[in-house]
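Student: What would the 3D arrangement of this be:
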Amino acid sequence: MAKFIINGGFPLRGAVRLGGAKNASSKLMIASLLAKGETRLLNLARIGDVAITKKMIESLGGKVSCHGERTSFIDATGIKNFQVSEEFAKESRMSTMFVSPLLSRFGQAILPLPGGDKIGLRPLERHFGGLEKLGAKIEFTNGCFRVSCRKLRGAHYCFDKNTHTGTETLIMAAVCAEGRTILENAAQEPEVDDLIKFLSKMGAKIRRSNRTITIDGVLQLHPAIHSVMPDRNEAVTYACAALGTKGDIIIENARKEHLGAFLEKFREINAGFEIADHGIRFFYKGDLVATKVITKPYPGFMTDWQPVWTALMTQAVGESTVIETIFPSRFVYVNYLIRMGAKIRFFNPKVRNPEKFYNFNLENDNPQNFHGLKIKGPQILSGIKVKIPDLRAGATLVLAALIAKGESLLTNVYQVDRGYENLDMHLMELGAEIKRV
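Tutor: Alright, predicted model coming up:
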């Protein structure tokens with residue numbers, strides 16, 4: 001099993017170019033199965049989750065071939081199986097996303113419950129409720145769910161709470177449904193709009209007005225060529241690495257419209273950044289100032305940014321606050337930061353309407369979970385030996401190790417590889433002392 005050995009304390013300087021978005025690449029691969037023929041996806045992320053999605057498509061009878069640095073051709077002509085193997089679901093949360101193309105082709109789909117990061121139960125009823133409104137029948141048995149419907153029909157559906165993958169699942173289901181579908185309180189994340197752009201190139205009829213999406217079903221979709229949007233989570237990770245190590249990094253291909261809430265907080269903490277045609281430069285210009293962050297659905301501060309932001313706030317002057325509202329248990333990494341010397345205190349914020357304030361289902365929350373952090377800084381961090389528990393915690397521990405004095409040993413780096421393209425190589429090119437063993 002691979003591991004990282006990191007000697008921290010060196011400022012990172014240089015430039016790095018973003019790859020395709022993790023939260024878009026796999027979903028666009030799955031969406032390509034809605035058309036018969038060969039689709040070409042450019043700027044596809046070269047990460048573990050994409051490799052797993054490739055295997056899932058091939059297990060169903062499709063073909064995925066690489067052509068060039070980040071280009072894949074996906075031929076769905078040979079899809080002949082409507083059941084996704086349970087072995088893949090243990091590694092990825094993408095398994096449920098196959099429901100729409102399989103229903104479109106076969107009128108049925110058998111799918112295992114998704115795996116992926118251990119950050120709390122995923123509210124799949126937000127997917128199922130919409131599918132049932134479109135006419136699907138859903139049955140659960142032996143850890144899998146079977147979805148069946150001869151022909152989906154358009155419907156009016158309102159999501160109780162924001163759901164990124166739920167919105168994408170229902171969009172994919174509705175594009176080939178009979179009639180018109182209207183989705184209200186739909187997610188606004190840029191990755192959702194990237195999927196809409198791709199499906200529109202394939203012949204889908206989709207219109208968005210803020211959180212309302214209208215889809216007029218078509219008889220069939222055709223293959224298309226599409227370039228995947230850049231990864232905004234990678235951008236935030238490298239930006240925090242620049243600030244945390246007192247460095248200066250240009251992030252090529254970073255888009256300000258994807259990072260609005262993050263850039264707003266960067267201004268608050270006295271961080272340096274410059275926006276240009278080539279991307280965004282992030283640089284240290286003096287002491288960082290403590291601030292408060294509350295994670296929210298787009299256009300708010302993204303939950304995936306919260307762990308690396310917390311690590312960065314260990315270097316800010318004063319007491320920072322971080323409140324997590326999207327997932328009930330996303331503070332797994334915090335005790336590792338405390339072991340490294342961070343002064344972090346858990347707490348639960350007092351809110352008037354928890355049902356409205358939190359995006360997760362309150363009945364899935366554990367009474368022992370905390371949803372807020374108080375971070376005192378700046379603190380000197382020391383190296384650590386630890387097994388990485390999940391993807392975002394992995395990126396956070398890498399960042400903390402780059403900031404820390406001394407050597408850190410991080411095992412189970414497979415979790416980082418799931419979502420970051422050659423993170424260790426890019427960091428070395430920026431001046432980090434990091435070695436993969």
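
Student: CA only for contacts and neighbour counts going forward, please
Tutor: Fine.

Student: Excluding covalently adjacent residues, which one is nearest to the residue lying farthest from the centre of the chain?
Tutor: Ranked by distance from the centre of the chain (Cα atoms, centre = their mean), the top residue is residue 150, with 32.4 Å. Closest residue in space to residue 150, ignoring its immediate chain neighbours: residue 107 at 5.0 Å, by Cα to Cα, 6 or more residues apart in numbering.

Student: swap in residue 214?
Tutor: residue 182 (4.6 Å).

Student: just to revisit the earlier point, distance of the residue nearest to residue 150 from residue 128?
Tutor: Residue 107 is 16 Å from residue 128, where distance means Cα to Cα, to the nearest Å.

Student: where along the stretch 1-150 of the chain do the helices fall?
Tutor: 22-31, 48-59, 86-89, 99-106, 125-133 (DSSP state H, counting those that start in this stretch).

Student: which of the residues in the last one are buried?
Tutor: Neighbour counts over helix 125-133 (16 or more other Cα atoms under 10 Å) mark 126-133 as buried.

Student: Quick one: the residues you listed as a markdown table, columns for distance to residue 5 too.
Tutor: Below are those laid out as a markdown table (distance: Cα to Cα, whole Å):
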| residue | distance to residue 5 |
| --- | --- |
| 126 | 41 |
| 127 | 41 |
| 128 | 44 |
| 129 | 46 |
| 130 | 46 |
| 131 | 46 |
| 132 | 49 |
| 133 | 51 |
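
Student: Include pLDDT and distance to residue 204 when you put the residues you listed into CSV, please.
Tutor: Formatted as CSV, those follow (pLDDT from 0 to 100; distance: Cα to Cα, whole Å):
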residue, pLDDT, distance to residue 204
126, 77, 23
127, 81, 20
128, 88, 22
129, 90, 23
130, 94, 19
131, 95, 18
132, 95, 21
133, 96, 20
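
Student: circling back to that earlier point, which residues does the residue nearest to residue 150 contact?
Tutor: Neighbour list for residue 107: 148-151 [criterion: Cα atoms under 8 Å, 6 or more residues apart in numbering].

Student: if we go to 10 Å?
Tutor: Neighbouring residues of residue 107 by Cα atoms under 10 Å, 6 or more residues apart in numbering: 82, 99-101, 136, 147-152.

Student: Drop anything exposed from those residues.
Tutor: Taking 16+ other Cα under 10 Å as the criterion, what is buried in the contacts of residue 107 is 82, 99-101, 136, 147-149, 151-152.

Student: quick check, nearest of those residues to residue 386?
Tutor: residue 99 (37.1 Å; Cα to Cα).

Student: Low-confidence stretches in the stretch 101-250 of the chain?
Tutor: Within the stretch 101-250 of the chain, the ranges that satisfy pLDDT under 70 run 115-123.

Student: same thing but 80
Tutor: Residue ranges of the stretch 101-250 of the chain with pLDDT under 80: 114-126, 143.

Student: mind listing the strands for it?
Tutor: In the stretch 101-250 of the chain, strands defined by DSSP state E, counting those that start in this stretch lie at 108-112, 137-141, 144-148, 156-158, 180-184, 205-209, 212-216, 225-227, 248-252, listed in chain order.

Student: With distance to residue 318 added, can I get those strands in JSON lines?
Tutor: What follows is the strands of the stretch 101-250 of the chain, written out as JSON lines (distance: least, Cα to Cα, whole Å):
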{"stretch": "strand 108-112", "distance to residue 318": "46"}
{"stretch": "strand 137-141", "distance to residue 318": "50"}
{"stretch": "strand 144-148", "distance to residue 318": "49"}
{"stretch": "strand 156-158", "distance to residue 318": "42"}
{"stretch": "strand 180-184", "distance to residue 318": "41"}
{"stretch": "strand 205-209", "distance to residue 318": "41"}
{"stretch": "strand 212-216", "distance to residue 318": "41"}
{"stretch": "strand 225-227", "distance to residue 318": "42"}
{"stretch": "strand 248-252", "distance to residue 318": "23"}
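
Student: Of those, which is nearest residue 24?
Tutor: Here strand 225-227 is closest among these (Cα to Cα), at 10.5 Å.
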